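> kindly return the folded structure for what I paste below:
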Amino acid sequence: MKNNELNSVLKAVGQAVETGVKKYEASSESEEVGRIQSVGQGIIWAEGLSRVKSEELVFLGSGIQGMVLDILPDKVGIILFGQSEKLRAGDEVTRSNRVLDVPVGHKFIGRVIDPLGQPMDGKKGVVERERLPVIREAPRILDRAPVEKPLETGLKVVDALIPIGRGQRELILGDRQTGKTAIALDTIINQKGKNVICIYCAIGQRSASVAKIVNDLELYGAMAYTMVVVAEGDASPGLQYIAPYAATTLAEQFMSDGKDVLIVYDDLTRHARAYRQLSLLLRRPPGREAFPGDIFYIHSRLLERATHLKTELGGGSLTALPIIETEAQNMSAYIPTNLISITDGQIYLSPDLYQKGILPAVDVGKSVSRVGGKAQISAYRKVAGDLRLSYSQFQELESFARFGTRLDEQTRKKIEHGRRVREVLKQDQFAALSTGSQITVLLAVTKGMLDNVPLEKIGLAEEAILEKVKEEIVNLDEIMIAAGTDDPIWTKLGLLIEDAIEKIKIKP
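Numbers count the residues shown, from 1 in each chain. Alright, predicted model coming up:
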């Protein structure tokens, strides 16, 4: 190479080095790295994290995620979202410098994911750029609007007697195996075509149970507008603890976009137990039934996030259906009373009714909706206004009649009428009825039109009535929603019901 060429190359290299040196700026940022002191079941204690924040996401050992829950002068307590068997004392703990958050967005609809947004359905992971904190503040009171629109479950006993409004928090409680999840599933399936996004959050359940629920949702086409967040029974207590909060964060994203969302927590009894386990491992003082003192707070700050936003904020709503399990029908236990006081009503499922085959096994006397009645359409109030009271009176009379006491004619008629009401309120799972169909059947039973029909033929009479009415009134649902108390449709409906009963020739 000639000297001139060599000099030009060296000059170019020198200029490049000089430019690079000018662009380079030494970084003075420091990274705080701690060390694991000790490892417990689902938690670890770490040292060397003097600047860490509460609820901050941290990475331990080979990448296991955790969240800071306790900050003490000499150490911090961290709950794990993975298995602790791979961790050892002395392993590094790295800060993320951000609170625990999850990805949110429409791509999660139709998917089964864990509380961290990772897929559990064997499909590819969802890539969403927007992330929101798992634990967030509830909307302010001034940002909330009244509950005015019903959330239809498709169940006669609920929609007529214990109505739920969009933006309400309605507790579902009862002993094991009384049909609590069945009511929640029927409600999700009934939202098809109603522009409601649903989220089912399974906490501490067996994998087989979750798989069956997902299969039912797919079978009835509900996964098209539903996402399932799962923290299985063998998952770490940390994952079970954050599961409902993560699911609510996903729901809030849709609510802020002006959409109506329904979320089911199944169930918060297991959630409370997971938090109790974490608290005891972190050496927090135990209170009643060994639960920590803030057990009420963790559920209240979760359920307060369910609301109906004002129109200027999009008008979206988040309806919560938390499920809890009672023991031996004890509604006055610690966790049930906490949640009853937080929510806007409760649907109580009785094991006695369940054993008698009265499904759904809703105890009307112990169930209440403190908000939904204001969102209920007037047609329901016309046909079921006094139904709740008369049905509760019938249950008392029936219990009294079992002692063999002689009853007068009027009391016997009340009991026979009540039995037909109870028979009409029975409903199989996955057999939801539209608004118009429910009102039609309820009109027939409340007006005494079915009093002369034998109990074993009430189901046949119900089918005949609905078939006859749908033949004559095609757009029944729309008419019932718009119907007033003095609307001529009621007269026509009554004549059609009488005609249907007469034609099938059901005699006492």
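
> rest of the way, CA atoms for contacts and neighbours
OK.

> and the strands in the stretch 101-250 of the chain?
101-103, 112-113, 131-133, 171-174, 196-203, 226-231 (DSSP state E, counting those that start in this stretch).

> by mean pLDDT, flag the weakest helix or strand of the chain.
Within the chain, no helix or strand scores below helix 3-23, which has a mean of 67 by mean pLDDT, DSSP states H and E.

> where does the stretch 401-508 of the chain dip in pLDDT?
Where the stretch 401-508 of the chain drops to pLDDT under 70, the residues are 404-405, 505-508.

> what does the very next helix or strand once past the least confident helix or strand of the chain contact?
Using DSSP states H and E, the helix or strand that follows helix 3-23 in sequence is strand 33-39. With contact meaning CA atoms under 8 Å, 6 or more residues apart in numbering, strand 33-39 is reached by 44-49, 84, 87-95.

> buried stuff in strand 33-39?
Neighbour counts using 16 or more other CA atoms under 10 Å place 33-39 of strand 33-39 among the buried residues.

> partners of that strand in the sheet?
Looking at strand 33-39 with DSSP bridges, its partner strands are strand 43-47 (antiparallel), strand 92-99 (antiparallel).

> highest mean neighbour count out of those?
Mean neighbour count (mean count of other CA atoms under 10 Å) peaks for strand 43-47 among these, with a mean of 23.

> neighbouring contacts of that one?
34-39, 74-80, 84, 93, 278, 281-282.

> distance from that strand to the middle of the chain?
Strand 43-47 sits 33 Å away from the centroid of its parent chain (CA atoms, centre = their mean, to the nearest Å).

> could you do stretch 359-369 as well?
18 Å.

> can you lay out the strands paired with strand 33-39 as JSON lines showing mean pLDDT and distance to residue 436?
Shown next, in JSON lines, are the strands paired with strand 33-39 (pLDDT from 0 to 100; distance: least, CA to CA, whole Å):
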{"stretch": "strand 43-47", "mean pLDDT": "96", "distance to residue 436": "53"}
{"stretch": "strand 92-99", "mean pLDDT": "95", "distance to residue 436": "48"}
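
> residue 259 is nearest to which of the ones you listed?
strand 92-99 (26.3 Å; CA to CA).

> for residue 470, find the nearest of the strands of the stretch 101-250 of the chain.
Of the strands of the stretch 101-250 of the chain, nearest to residue 470 by CA to CA is strand 196-203, at 25.9 Å.

> from memory residue 84 sits against residue 62, does it?
No - here residue 84 does not reach residue 62: they are 11.3 Å apart, not a contact under CA atoms under 8 Å.

> where's residue 201 relative to residue 261, distance?
13 Å (CA to CA, to the nearest Å).

> could you do residue 253 as well?
Taking CA to CA, one finds residue 253 at 10 Å from residue 261.

> ok, back up a step: out of the strands of the stretch 101-250 of the chain, which comes closest to residue 475?
strand 196-203 (21.8 Å).

> partners of that closest one, with directions?
Here strand 196-203 is paired, per DSSP bridges, with strand 226-231 (parallel), strand 260-266 (parallel).

> as CSV, these with mean pLDDT, mean neighbour count and distance to residue 325 would be great.
Shown next, in CSV, are those (pLDDT from 0 to 100; neighbours: other CA atoms under 10 Å; distance: least, CA to CA, whole Å):
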stretch, mean pLDDT, mean neighbour count, distance to residue 325
strand 226-231, 98, 28, 18
strand 260-266, 98, 27, 10
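
> nearest to residue 368, of those?
Short answer: strand 260-266, nearest of those by CA to CA, at 18.3 Å.

> hmm, who's touching stretch 494-502?
443-444, 449, 461, 464-465, 468-469.

> so how do I select the buried members of the residues you listed in PyMOL?
To isolate the buried members of the contacts of stretch 494-502 in PyMOL, using 16+ other CA under 10 Å:
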select buried, resi 443+444+461+464+465+468+469
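
> pick the one among the contacts of stretch 494-502 closest to residue 219.
For the contacts of stretch 494-502, the nearest to residue 219 is residue 464 (27.5 Å; CA to CA).

> in which helix or strand would I find the nearest residue to the closest one once chain neighbours are set aside?
In this structure, residue 464 finds its nearest non-sequential neighbour in residue 500, 6.0 Å apart by CA to CA, 6 or more residues apart in numbering. Under the criterion of DSSP H and E, residue 500 resides in helix 489-503.

> tell me the buried residues in that helix?
Result for helix 489-503 [16+ other CA under 10 Å]: buried residues 489-490, 493-494, 496-497, 499-501.

> equivalent analysis for stretch 392-406, please.
Those would be 394-395, 397-398, for stretch 392-406 by 16+ other CA under 10 Å.

> of all the residues you listed, which comes closest to residue 438?
Nearest member of the buried residues of stretch 392-406 to residue 438, counting by CA to CA, is residue 394, at 21.0 Å.

> C-terminal to the strand or helix carrying that closest one, what's the next element?
Assigned by DSSP H and E, residue 394 belongs to helix 387-401. As assigned by DSSP H and E, the chain's next helix or strand after helix 387-401 is helix 409-425.

> for that following helix, buried residues please.
For helix 409-425, burial by neighbour count (16+ other CA under 10 Å) applies to 414-425.

> quick one: terminal-to-terminal distance for stretch 161-176?
23 Å.

> burial of residue 445, as a residue count?
Using other CA atoms under 10 Å, residue 445 has 24 other residues around it.
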